[in-house]
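S.K.: predicted model follows, preceded by the sequence.
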Amino acid sequence: MLAWGPAFCLVVLVVELVTGPVIHWFGLVVFALILVGFTYVQLRAARMHVSVELTPRQLRQGTETVDLVDIAEIFPPAEYADNEYEPKKWETARVLGELAGVPRKRHGIGLRLVGGGLVQAWAKDDDGLRSALEAATRESL
């Protein structure tokens, strides 16, 4: 992913070598470095904000951490009858990780916190995270 910018600059360099008397060495190198820098920052931020880590004491989702002792209940997956869709309360709750919504290609998991608040955890493998959370919260009690 980081190589796309320099690869395009290399294509421009080849075109300049073949077609013209002026070759913009400095500009191409600087532009390639700028593209690598911006791409690195975007990739790093994207990976940080969609990462999930479950330890024996905490659940980290993106940049937000929740202590397992603060989780009062883990809701089962939402199931609906045919032609019937009324979202569960936890499906409209705040998403963990300081995100506006559940990240793409991930599924929400409803959690009730000790204070009574509802939040959504999320993961690619929601069933796996749900079962790991259930086991970890049982052990942390």
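M.R.: Nice, I can see it.
S.K.: separation between the residue nearest the centre of the chain and Gln120?
M.R.: By CA atoms, centre = their mean, the chain has its centre lying nearest to Val50, at 1.4 Å. From Val50 across to Gln120, the span is 14 Å (CB to CB, to the nearest Å). Quick note: C-beta positions are derived from backbone N, CA and C, even for glycine.
S.K.: re the thing from before, you'd agree the residue nearest to the centre of the chain is up against Val102?
M.R.: No - at 10.1 Å, Val50 and Val102 do not qualify as touching, with contact defined as CB atoms under 8 Å.
S.K.: returning to that earlier point: now for the residue nearest to the centre of the chain: which residues touch it?
M.R.: 62, 97, 103, 106 (CB atoms under 8 Å, 6 or more residues apart in numbering).
S.K.: top of the residues you listed by number of neighbours, please.
M.R.: Within those, Gly97 tops the neighbour count with 23 neighbours, counted by other CB atoms under 10 Å.
S.K.: nearest residue to that one in space, please, no chain neighbours.
M.R.: Once flanking residues are discounted, Gly97 sits nearest to Gly62: 2.8 Å by CB to CB, 6 or more residues apart in numbering.
S.K.: residues in contact with Val114?
M.R.: Taking CB under 8 Å, 6+ apart, one finds 69-72 in contact with Val114.
S.K.: where does the residue of the chain most remote from its centre fall, phi/psi-wise?
M.R.: Of all residues in the chain, Pro21 has its C-alpha farthest from the mean position, at 47.0 Å, by CA atoms, centre = their mean. With angles defined as degrees, to the nearest 10, Pro21 sits at phi -80, psi -20.
S.K.: look up how far Gly117 lies from it.
M.R.: 68 Å.
S.K.: then Thr63?
M.R.: Using CB to CB, we find Thr63 at a distance of 18 Å from Gly117.
S.K.: got it, and Ile34?
M.R.: For Ile34, the distance to Gly117 - CB to CB - is 43 Å.
S.K.: so which strand or helix has Arg44?
M.R.: Arg44 belongs to helix 25-49 when assigned by DSSP states H and E.
S.K.: quick one: contacts of the helix or strand following that helix?
M.R.: Scanning forward in sequence from helix 25-49 by DSSP H and E, the next helix or strand is strand 52-54. For strand 52-54, contacts defined as CB under 8 Å, 6+ apart pick out 59-61, 122-123, 129, 132-133, 136.
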